[in-house]
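Asks: below are the sequence and a predicted model; questions follow.
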Amino acid sequence: MANLKAIRDRINSVKNTKKITEAMRLVAAAKVRRAQEQVIATRPFADRLAQVLYGLQTRLKFEEANLPLFRQRQVGTVGLLVISGDRGLCGGYNSNVIRRAENRAKELKAEGRDYKFILVGRKATQYFQRRDQPIEGTYTGLEQIPTAAEASNIADELLSLFLSESVDRIELVYTKFVSLISSRPVVQTLLPLDPQGLEAADDEIFRLTTRGGEFEVERQKVTTQARPFPRDMLFEQDPVQILDALLPLYLNNQLLRALQESAASELAARMTAMNNASDNAKELIGNLSLSYNKARQAAITQEILEVVGGAEALG
């Protein structure tokens, strides 16, 4: 009977755990929907900015524009902006992006270059602080659904580091969202800006939908309809000054999209991890129930044998 009680308590404990993991999966799904809505909401501004930059690119030769954000210089120190999460329970999301950042730092060291970390998220901050790595700045406690204000604050710090020549190049290490079950850490050069990267290009947005009671992602290609400015268009200001004012906005937009991709990847990883945990709990409950029934049947059989034996002894 003691064994039966232990199994029954274990079944109840696993059932309670399953309720928690299922609730966390649904919360993550709701936040993924919010993340996708934010991506869609920021698209009009991103599209208009791309159109203006494309028009300026066709009118000007960016290579001739002596702008600080385009200026290539000898690379001695590279700033690595690493985007991780503040919390765990999301599978290998944090460990994968941290490992990619470590590998990139080793590559830079092998090339004879110094590096500094700018860390977003508590997990990356704690990891690199424990290993006494060179850290230039940290950002923790950000909203799970990134905001433009947060991206702007980080971008201002990056601009300050680059323009003061504390670092000669800034690379972004973040997790690119592919699907609910797939994401990959990538490295992208953020500064100096590449003039060829400012022209109009195809992009895509994702939508979280449900089909047959299961979540799935639909990806939609989006093409920016960018056209050159009319040849007779007059500028009230020097086009180079306009470009100089727009480039920080472009940088903010690039960083915001990276934060959004990372947030969607983290939430999708948490959904997958909690879904797997719920499935494992369900399987464990089945195995424990089977063990409970076997133990209960054995106990009943033992009691019957004792009754029969007692009757025979009395007869």
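Replies: Here it is on my side, so go on. Residues are numbered from 1 along each chain as shown.
Asks: any stretches of the stretch 1-150 of the chain with poor pLDDT?
Replies: Residues of the stretch 1-150 of the chain that meet the criterion pLDDT under 70 lie in 1-2, 43, 54, 57-65.
Asks: how about the strands in it?
Replies: 77-83, 114-120, 135-139 (DSSP state E, counting those that start in this stretch).
Asks: now for the first one, which elements pack on it?
Replies: If contacts are counted by 3 or more Cβ pairs under 8 Å, 6 or more residues apart in numbering; DSSP states H and E, strand 77-83 sits against helix 93-110, strand 114-120, helix 122-130, helix 148-163, strand 169-179, helix 239-314. Bear in mind the C-beta positions are built from the backbone N, C-alpha and C, glycine included.
Asks: out of the ones you listed, which comes closest to residue 69?
Replies: Among the helices and strands packed on strand 77-83, the nearest to residue 69 by Cβ to Cβ is helix 239-314 (4.9 Å).
Asks: thought residue 34 was touching residue 145?
Replies: Yes. Using Cβ atoms under 8 Å, residue 34 makes contact with residue 145 at a distance of 5.2 Å.
Asks: residue 107: how many residues sit nearby?
Replies: 13 (other Cβ atoms under 10 Å).
Asks: same question for residue 125.
Replies: By other Cβ under 10 Å, 20 other residues sit near residue 125.
Asks: do the same with residue 103
Replies: 13.
Asks: kindly report the same for the one 3 residues further on.
Replies: Neighbours of residue 106 under the rule other Cβ under 10 Å: 11.
Asks: what of the one 5 residues further on?
Replies: Other residues near residue 111 come to 9 when the count uses other Cβ under 10 Å.
Asks: gap between it and residue 98?
Replies: Separation of residue 111 from residue 98 (Cβ to Cβ, to the nearest Å): 21 Å.
Asks: so who does the closest residue in space to residue 124 that isn't next to it in sequence touch?
Replies: Excluding the flanking residues, the one nearest residue 124 by Cβ to Cβ, 6 or more residues apart in numbering is residue 84, at 3.7 Å. Shown in contact with residue 84 (Cβ atoms under 8 Å, 6 or more residues apart in numbering): 93-94, 97-98, 119-125, 262.
Asks: and those, which is closest to residue 237?
Replies: residue 120 (34.5 Å).
Asks: list the beta-bridge partners for that closest one.
Replies: For residue 120, the beta-bridge partners are residue 83, residue 139 (DSSP bridges).
Asks: mind putting the helices and strands packed on strand 77-83 in TSV, distance to residue 71 included?
Replies: Shown next, in TSV, are the helices and strands packed on strand 77-83 (distance: least, Cβ to Cβ, whole Å):
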stretch	distance to residue 71
helix 93-110	20
strand 114-120	19
helix 122-130	29
helix 148-163	9
strand 169-179	11
helix 239-314	12
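Asks: nearest to residue 190, out of those?
Replies: strand 169-179 (4.7 Å).
Asks: strands paired with the helix or strand just after that closest one, and their directions?
Replies: Going down the chain from strand 169-179, the next helix or strand is strand 182-191, by DSSP states H and E. Partners of strand 182-191 in the sheet, by DSSP bridges, are strand 169-179 (antiparallel).
Asks: out of the helices and strands packed on strand 77-83, which is closest to residue 46?
Replies: That would be helix 239-314 among these, by Cβ to Cβ, at 5.4 Å.
Asks: on contacts alone, who are the packing partners of the closest one?
Replies: Against helix 239-314 (3+ Cβ pairs under 8 Å, 6+ apart) you get helix 2-59, strand 77-83, helix 93-110, helix 148-163, strand 169-179, strand 182-191.
Asks: turn these into a markdown table, columns for distance to residue 242.
Replies: Shown next, in a markdown table, are these (distance: least, Cβ to Cβ, whole Å):
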| stretch | distance to residue 242 |
| --- | --- |
| helix 2-59 | 7 |
| strand 77-83 | 27 |
| helix 93-110 | 34 |
| helix 148-163 | 18 |
| strand 169-179 | 24 |
| strand 182-191 | 20 |
